[in-house]
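**Student:** Just the structure for this:
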Amino acid sequence: MWKWQAEGQAKAVVVIIHSAYEHHLRYAWQIKEWRSSGFEVVMGDLPGHGKNEVNPKAHSESFEAYEKAVSEMLEVAIELEMPVFIVAHGLGATLAINYLSKHSIEVAGAVFTSPWLHLLRTPSKLSSALSGVPKLTSQIKIKHEISIEDLTRNPEVIELERDDELYRPQISIGWYRELQAYMKQTASGKQNYPDIPTFVQTAEKDLIADKEASKNWLKQQNLKEFSYKEWKDAYHDLFQEPEREDVFTTSHLFIKNVLRSLGYLVK
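**Tutor:** Numbers count the residues shown, from 1 in each chain. As a prediction, this is how the structure comes out:
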């Protein structure tokens, strides 16, 4: 886990939670933007991701372990004694939703981009692998065919990350079964998600996650303050897209408005 100090006077803390198969280095641009805007940043690689990989052949970590990692990041952020905001992407957004629904924790607000609540892109060899006895098939390894080109249409990012050895979409069947159950439970909207300011952003041309599932989840919540935006022509990784400066500005404005409503003086 890492902490980055704000440039100048810090006004709040942002906890960034990444999606499946990736790692914190893909968030360097976003981290820089938050820091230069006066935010401390806390982020870590989820278990089995980045340089935390346990099984280099396929993801098989438990979702309980993922939630524990989220808890540890939030604990570090809370110790800084400033308002805490979660900015979570993809599977990271799904983890954050579940964690906040299960635990009473002082979070000022949340920004979720492209939550994984229902996937449009599933592993191509999935049906044959799932046809066997669960106990016997849980360790079968398959590839979730999501390339960098599927995540963003930003040529600069594609060129930089095409050969990223830490990006690993190899999974076990057992892990994918748990993912499906986890997403289904979250999408039902039946958790006790807290009444905190929440901003959900989706991509019009998302090839990975179903944006309608994110809309439906938000509609089911009983929130006093919420926002939703679908970015025209955008792909899944909104903070990597050619429009990422606009995505950041919109997210920043949302958080600044929350801080003002809490009584903080922010420019």
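**Student:** Centroid-nearest residue for the protein?
**Tutor:** Central residue check for the chain by CA atoms, centre = their mean: the C-alpha nearest the mean position is that of residue 89, 2.2 Å away.
**Student:** That residue and residue 244 touch, don't they?
**Tutor:** No: distance between residue 89 and residue 244: 12.0 Å, which falls outside the contact criterion (CB atoms under 8 Å). C-beta: built from backbone N, CA, C; applies to glycine.
**Student:** Which residues are in contact with each of those two?
**Tutor:** A shared contact of residue 89 and residue 244, defined by CB atoms under 8 Å, 6 or more residues apart in numbering, is any residue touching both; here these are residue 238.
**Student:** hey, which helix is longest across this protein?
**Tutor:** For the chain, the helix with the greatest residue count under DSSP state H is helix 244-261.
**Student:** counting contacts, what elements does that helix pack onto?
**Tutor:** In this structure, helix 244-261 makes packing contacts with strand 12-17, helix 28-36, strand 84-89, strand 109-113, strand 198-203, strand 226-231, judged by 3 or more CB pairs under 8 Å, 6 or more residues apart in numbering; DSSP states H and E.
**Student:** What are the buried residues along it?
**Tutor:** In terms of neighbour count (16 or more other CB atoms under 10 Å), helix 244-261 has its buried residues at 244, 247, 248, 250, 251, 252, 254, 255, 256, 257, 258, 259.
**Student:** That one: how far from the chain's middle?
**Tutor:** 17 Å (CA atoms, centre = their mean, to the nearest Å).
**Student:** just stretch 29-40 next, same as before
**Tutor:** The chain centroid and the centroid of stretch 29-40 are separated by 17 Å, computed with CA atoms, centre = their mean.
**Student:** Stretch 4-15 too?
**Tutor:** The chain centroid and the centroid of stretch 4-15 are separated by 20 Å under CA atoms, centre = their mean.
**Student:** tell me the angle of the longest helix of the chain relative to strand 226-231?
**Tutor:** With axes from the mean of the first three to the mean of the last three CA atoms, to 10 degrees applied, the angle from helix 244-261 to strand 226-231 works out at 170 degrees.
**Student:** then stretch 17-28 to CSV, C-alphas only?
**Tutor:** Extracted in CSV, the C-alpha atoms of stretch 17-28 (Å, rounded to 0.1, in the frame of the first residue of the first chain):
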residue,chain,number,x,y,z
ILE,A,17,-9.5,1.0,-5.6
HIS,A,18,-8.5,-0.6,-8.9
SER,A,19,-10.3,-3.2,-11.0
ALA,A,20,-9.6,-6.8,-11.8
TYR,A,21,-6.3,-7.9,-13.4
GLU,A,22,-4.6,-4.5,-13.1
HIS,A,23,-2.5,-2.6,-10.6
HIS,A,24,-1.7,0.8,-9.1
LEU,A,25,0.8,1.8,-11.8
ARG,A,26,-2.0,2.2,-14.3
TYR,A,27,-3.4,5.0,-12.1
ALA,A,28,-0.3,7.2,-12.1
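**Student:** Please save the CA atoms from stretch 38-48 in PDB.
**Tutor:** Output for stretch 38-48, consisting of C-alpha atoms alone and laid out as PDB, is shown next (Å, rounded to 0.1, in the frame of the first residue of the first chain):
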ATOM      1  CA  GLY A  38      -5.000  19.200  -2.900                       C
ATOM      2  CA  PHE A  39      -5.800  15.600  -2.000                       C
ATOM      3  CA  GLU A  40      -3.800  13.000  -0.200                       C
ATOM      4  CA  VAL A  41      -4.100   9.600  -2.000                       C
ATOM      5  CA  VAL A  42      -4.100   6.100  -0.600                       C
ATOM      6  CA  MET A  43      -3.900   3.100  -2.900                       C
ATOM      7  CA  GLY A  44      -2.700  -0.500  -2.900                       C
ATOM      8  CA  ASP A  45      -2.700  -3.400  -5.200                       C
ATOM      9  CA  LEU A  46      -5.400  -5.900  -4.400                       C
ATOM     10  CA  PRO A  47      -4.300  -9.400  -3.300                       C
ATOM     11  CA  GLY A  48      -2.900 -11.400  -6.300                       C
END
